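Participant: dropping the sequence and predicted coords here.
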Amino acid sequence: MIKSRRRDNLSPGEMFPAGDPAYRVSFPRLRSGLKVRVVERGDSESPPVVLIHGWGCSVYVFRLNMPALADAGFRAIAIDLKGHGLSDKPTAADEYTIDSLVEHLRDILDVLELERPALAGHSLGGSLIYHFASRYPERARCLGLLSPVGLKGVPLMWLYRALTPKLLTPILRQIQPRLIVKLALRRVYGRRAHFTERDVEEFLAPSQFPEYALAMRELLHNYDWTAAKNRRLTTVDLPAVGVWGARDHMMPNDGMGVYVPLLPRLVLRAIPDAGHIIAEETPHEVNAALLSLLHSAASAVTAE
């Protein structure tokens with residue numbers, strides 16, 4: 001397990017789900033040698049739904065979705081991607097490209113023995129599951145895109161990258177990010193809800209690990225956030241839903257429209273007054289959209 005650097009954060013044992021018996025937590029080792037944290041809720045024999053967070057997040061972002069999915073008869077499985085949460089945190093640049101993360105996700109599904117789960121991803125996780133399904137369409141049952149970013153860019157990305165040059169890498173280890181976390185949460189929420197001090201603590205907690213800031217810097221600089229311009233994108237014929245907040249400042253104006261020709265079975269659902277972090281801010285609307293997708297996908301399989 002990664003050793004903690006600071007003691008003014010939540011300890012790993014205090015982080016979500018913090019011993020809640022409704023959840024199962026494991027740390028499987030992948031083919032790459034990395035260990036990742038996996039948090040599950042629901043019957044282990046139920047149809048699996050894999051939840052993939054975005055940049056700088058963790059399984060915590062899905063805490064209001066997992067109970068609803070499990071109660072509806074699904075096995076909700078949230079993953080800390082490498083670099084995040086309590087998973088291992090490599091710092092090499094090539095660990096955080098689209099191709100590397102696609103293979104990372106494949107390794108996770110393999111180690112969990114998930115042949116064809118439903119995939120739902122928030123923010124970067126949304127574009128990542130699209131890239132995964134475009135390469136391995138036989139490994140996904142359906143796609144839930146929650147405020148996906150990473151095909152048409154992110155507003156102000158040039159500024160985020162300018163503020164984190166390679167030259168400052170040694171300093172990143174020493175940053176006290178509490179204020180940064182609060183400012184970031186203000187930016188990603190809309191008008192439907194507000195973050196709490198516990199939210200700040202949970203998002204801050206991974207910063208206690210020395211490699212975390214470096215990993216986030218590499219992901220920020222090496223993931224292709226404008227893949228629609230730089231890569232040949234392919235059509236994915238899977239059931240899909242795209243859900244986003246109408247007040248999402250992290251998505252470009254045509255951020256959802258780019259997926260329409262790529263996912264011909266895509267259903268779009270905008271949430272009024274919500275911001276970027278809809279899984280937390282408007283969980284009921286997100287849960288309803290995901291369950292509608294999951295039931296629709298199940299019906300399609302039955303019809304086959």
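Facilitator: Now that the structure is in, tell me what you want to look at.

Participant: now the helices for the stretch 151-300 of the chain?
Facilitator: Ranges of helices within the stretch 151-300 of the chain are 157-162, 169-172, 178-188, 197-204, 212-222, 227-230, 278-281, 283-303, based on DSSP state H, counting those that start in this stretch.

Participant: looking at these, which has the lowest confidence?
Facilitator: Among the helices of the stretch 151-300 of the chain, helix 169-172 carries the lowest mean pLDDT, a mean of 64.

Participant: list the contacts of the residue sitting nearest the centre point of the chain.
Facilitator: Centroid-nearest residue in the chain: His53, 1.3 Å away (criterion: C-alpha atoms, centre = their mean). By C-beta atoms under 8 Å, 6 or more residues apart in numbering, the contact list for His53 reads 59, 61-62, 78-81, 84-85, 121-125. In this view, the C-beta of every residue, glycine as well, is placed from N, C-alpha and C.

Participant: scan those residues and report the most crowded one.
Facilitator: Gly125 (32 neighbours; other C-beta atoms under 10 Å).

Participant: quick check: closest non-adjacent residue to that one.
Facilitator: Leaving aside its chain neighbours, Gly125 sits nearest to Ile52 (3.5 Å; criterion: C-beta to C-beta, 6 or more residues apart in numbering).

Participant: measure that neighbour to Gly144 for me?
Facilitator: 10 Å (C-beta to C-beta, to the nearest Å).

Participant: and Tyr40, helix, strand or coil?
Facilitator: Careful, residue 40 is Glu; it's not Tyr. What DSSP: H, G, I helix; E, B strand; the rest coil gives for Glu40 is strand.

Participant: please work out how many residues are found near it.
Facilitator: The burial count for Glu40: 23, using other C-beta under 10 Å.

Participant: number of residues surrounding Leu156?
Facilitator: Around Leu156 there are 12 residues (other C-beta under 10 Å).

Participant: how much space is there between it and Ala22?
Facilitator: 38 Å.

Participant: my read is that Pro67 contacts Pro17, right?
Facilitator: No. With contact defined as C-beta atoms under 8 Å, Pro67 does not reach Pro17; the gap is 10.6 Å.

Participant: intersection of neighbour lists for Ile52 and Gly144?
Facilitator: Common neighbours of Ile52 and Gly144 (C-beta under 8 Å, 6+ apart) are 119-121, 129.

Participant: and the two most separated of those?
Facilitator: Ala120 and Ile129 (7.3 Å; C-beta to C-beta).

Participant: what do the two both touch?
Facilitator: Shared contacts of Ala120 and Ile129, counting by C-beta under 8 Å, 6+ apart, come down to 52, 143-145.

Participant: cross-check the contact I'm expecting between Ser44 and Arg75.
Facilitator: Yes. With contact defined as C-beta under 8 Å, Ser44 counts as touching Arg75 (6.1 Å).

Participant: so the two - more neighbours on which side?
Facilitator: Of the pair Ser44 and Arg75, Arg75 is the one with more neighbours under other C-beta under 10 Å, namely 22 against 9.

Participant: which strand residues bridge that one?
Facilitator: Pro48 (DSSP bridges).

Participant: contacts only, for it.
Facilitator: Each residue near Arg75 by C-beta under 8 Å, 6+ apart is listed here: 40-49.

Participant: in JSON lines: these, plus pLDDT and distance to Tyr223.
Facilitator: JSON lines is the format used below for these (pLDDT from 0 to 100; distance: C-beta to C-beta, whole Å):
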{"residue": "Glu40", "pLDDT": "98", "distance to Tyr223": "26"}
{"residue": "Arg41", "pLDDT": "98", "distance to Tyr223": "28"}
{"residue": "Gly42", "pLDDT": "98", "distance to Tyr223": "30"}
{"residue": "Asp43", "pLDDT": "98", "distance to Tyr223": "34"}
{"residue": "Ser44", "pLDDT": "97", "distance to Tyr223": "32"}
{"residue": "Glu45", "pLDDT": "97", "distance to Tyr223": "35"}
{"residue": "Ser46", "pLDDT": "98", "distance to Tyr223": "32"}
{"residue": "Pro47", "pLDDT": "98", "distance to Tyr223": "30"}
{"residue": "Pro48", "pLDDT": "98", "distance to Tyr223": "25"}
{"residue": "Val49", "pLDDT": "98", "distance to Tyr223": "24"}
